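K.L.:
structure, please.
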Amino acid sequence: MTHAIRFHKTGGPEVLVWEEVSVGKPGPGEARIRHTAVGLNFVDIYNRSGLYPAQLPSGLGSEAAGVVEEVGSGVTDLKPGDRVAYGASPLGAYSEARLIPADRLLKLPDGVDDKTAAAMMLKGLTTQYLIRQTYRVKAGDTILLHAAAGGVGLILSQWAKHLGATVIGTVSSDEKAKLAKAHGCDHVIIYTREDFVKRVDEITGGKKVPVVYDSVGKDTFLKSLDCLAPLGVAALFGQSSGAVEPLNLGLLAQKGSLYVTRPTLFTYAAKRENLVAMANELFDVVKSGAVKIEVHQTYPLRDAARAHADLAARKTTGSTVLTV
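P.N.:
Residues are numbered from 1 along each chain as shown. Modelled structure (predicted):
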């Protein structure tokens with residue numbers, strides 16, 4: 001039998017259970033894949049806690065790598081034995097094997113191993129849309145990135161640096177500051193003891209920044225607006241500290257005709273052709289060495305609850321992979 005992590009009610013890490021599941025044959029447009037490595041992401045906590053509602057009982061996770069075992073009718077670009085990965089799929093990655101819509105799968109190029117792929121698909125594709133689409137980072141830009149030592153943060157800072165930007169990153173500790181600095185951050189602000197609004201003003205000589213990438217939410221969002229130059233963009237792509245309060249849109253006028261967006265990977269990658277183009281850009285910067293993907297923690301898949309507890313407690317840095 002195949003095993004998977006599932007949850008029958010929402011709550012803390014303790015609701016995650018390791019149970020037997022049956023995986024049938026792939027239907028039209030589907031593939032059956034056997035996982036080798038599964039990515040851990042903060043969005044998994046949002047799903048498990050009920051912040052992002054799922055139909056219960058539910059599987060968890062939307063990022064993994066593995067091998068195609070079988071394809072359903074109508075699937076022409078994949079065959080059994082192909083190495084694949086995905087980062088934008090229906091929930092169910094926390095499993096030894098699963099059925100998945102084949103149009104969500106991306107063939108892995110040589111030179112990208114399974115563990116690296118599982119660590120980079122969701123976070124790397126998120127970075128792609130944030131810095132190449134939501135706000136297109138260009139040489140000479142100075143940008144602000146919260147949680148610079150997190151999974152997305154370490155990828156985004158390297159990629160933005162590669163594009164010629166100056167990166168200001170915020171982190172919570174000296175250890176994370178060192179990590180952020182080693183991955184492309186030109187200036188690191190330890191927000192637990194420094195006022196990041198004041199520091200951004202000093203670093204930019206009062207000009208402020210054209211974009212803030214904020215995955216922290218409640219604790220940072222209003223101050224993020226104060227870091228933006230006129231017509232600047234606040235890209236709120238997560239809420240690790242809690243949901244942002246309802247926003248008085250008049251503030252955007254007062255602070256310089258600002259833009260606020262709450263983007264998700266699922267919207268940007270909804271069309272197959274967009275997903276493939278985004279993944280190709282990601283594979284290119286990883287294979288060239290411009291962006292290095294480092295797996296800092298691994299846990300057996302069956303210990304997913306412990307991994308969730310560590311992630312929520314900010315005990316992890318960079319990417320974490322659950323091994324199958």
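K.L.:
which residue, other than its chain neighbours, is closest to residue 140?
P.N.:
residue 164 (6.5 Å; Cβ to Cβ, 6 or more residues apart in numbering). The way it works is simple: take the backbone N, C-alpha and C, and place the C-beta from them, glycine included.
K.L.:
any idea how many residues pack against the one you found?
P.N.:
11 (other Cβ atoms under 10 Å).
K.L.:
ok, it - contacts?
P.N.:
Going by Cβ atoms under 8 Å, 6 or more residues apart in numbering, residue 164 touches 138-141.
K.L.:
in which helix or strand would I find the residue sitting nearest the centre point of the chain?
P.N.:
By Cα atoms, centre = their mean, the chain has its centre lying nearest to residue 123, at 3.0 Å. Here residue 123 is covered by helix 114-129, with elements defined by DSSP states H and E.
K.L.:
tell me the buried residues in stretch 302-312?
P.N.:
Buried residues in stretch 302-312, counted by 16 or more other Cβ atoms under 10 Å: 302, 304-305, 307-308, 310-311.
K.L.:
quick check: which of those residues has the minimum pLDDT.
P.N.:
Among the buried residues of stretch 302-312, residue 311 carries the lowest pLDDT, at 92.
K.L.:
doesn't residue 39 make contact with that one?
P.N.:
No: proximity of residue 311 to residue 39 does not meet the contact threshold set by Cβ atoms under 8 Å, at 11.5 Å.
K.L.:
which neighbours do those two have in common?
P.N.:
Common contacts of residue 311 and residue 39 (Cβ under 8 Å, 6+ apart): residue 320.
K.L.:
show me the contact partners of stretch 284-293.
P.N.:
With Cβ under 8 Å, 6+ apart, stretch 284-293 has contacts from 109, 111-112, 116, 119-120, 124, 155, 158-159, 162, 183, 319.
K.L.:
farthest-apart pair in these, please.
P.N.:
109 and 183 (22.5 Å; Cβ to Cβ).
K.L.:
neighbour count: these two, which is higher?
P.N.:
Comparing residue 109 with residue 183 by other Cβ under 10 Å, the one with more neighbours is residue 183, at 22 against 14.
K.L.:
the more buried one contacts residue 158, doesn't it?
P.N.:
Yes: with contact defined as Cβ under 8 Å, residue 183 reaches residue 158; the gap is 5.3 Å.
K.L.:
one step back: strand partners of the next helix or strand after the helix holding residue 123, parallel vs antiparallel please.
P.N.:
Using DSSP H and E, the helix or strand that follows helix 114-129 towards the C-terminus is strand 142-145. In the sheet containing strand 142-145, its partner strands are strand 166-171 (parallel), strand 209-214 (parallel), by DSSP bridges.
K.L.:
just put those in a markdown table and tack on mean pLDDT and mean neighbour count.
P.N.:
Converted to a markdown table, the strands paired with strand 142-145 look like this (pLDDT from 0 to 100; neighbours: other Cβ atoms under 10 Å):
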| stretch | mean pLDDT | mean neighbour count |
| --- | --- | --- |
| strand 166-171 | 98 | 27 |
| strand 209-214 | 98 | 26 |
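K.L.:
so which of those gets nearest residue 238?
P.N.:
When the strands paired with strand 142-145 are compared by Cβ to Cβ, strand 209-214 sits nearest residue 238, at 7.7 Å.
K.L.:
tilt between the closest one and helix 114-129?
P.N.:
Relative orientation of strand 209-214 versus helix 114-129 (axes from the mean of the first three to the mean of the last three Cα atoms, to 10 degrees): 140 degrees.
K.L.:
and strand 209-214, how far out from the chain middle?
P.N.:
The chain centre lies 17 Å from the centre of strand 209-214; the measure is Cα atoms, centre = their mean, to the nearest Å.
K.L.:
following it, which helix or strand comes up?
P.N.:
Once strand 209-214 ends, the next helix or strand along the chain (criterion: DSSP H and E) is helix 221-225.
K.L.:
off-centre distance for that next one?
P.N.:
With Cα atoms, centre = their mean as the basis, helix 221-225 stands 21 Å off its chain's centre.
K.L.:
and for stretch 255-266?
P.N.:
Distance of stretch 255-266 from the chain centroid (Cα atoms, centre = their mean) equals 17 Å.
K.L.:
any idea of the mean pLDDT for it?
P.N.:
96.
K.L.:
in it, what's buried?
P.N.:
Buried residues in stretch 255-266 (16+ other Cβ under 10 Å): 255, 258, 260, 265.
K.L.:
how is this structure carved up into domains?
P.N.:
Following the TED database, one finds the domains of the chain at 1-119+268-321, 134-261.
K.L.:
what's near enough to touch the spatially closest residue to residue 25 that is not a sequence neighbour?
P.N.:
Nearest in space to residue 25, with sequence neighbours left out and distances taken as Cβ to Cβ, 6+ apart, is residue 70 at 6.6 Å. Residue 70 sits next to 25-26, 31-32, 80 when contact means Cβ under 8 Å, 6+ apart.
K.L.:
what is the nearest of these to residue 269?
P.N.:
Checking those one by one against residue 269 (Cβ to Cβ), the nearest turns out to be residue 31, at 17.3 Å.
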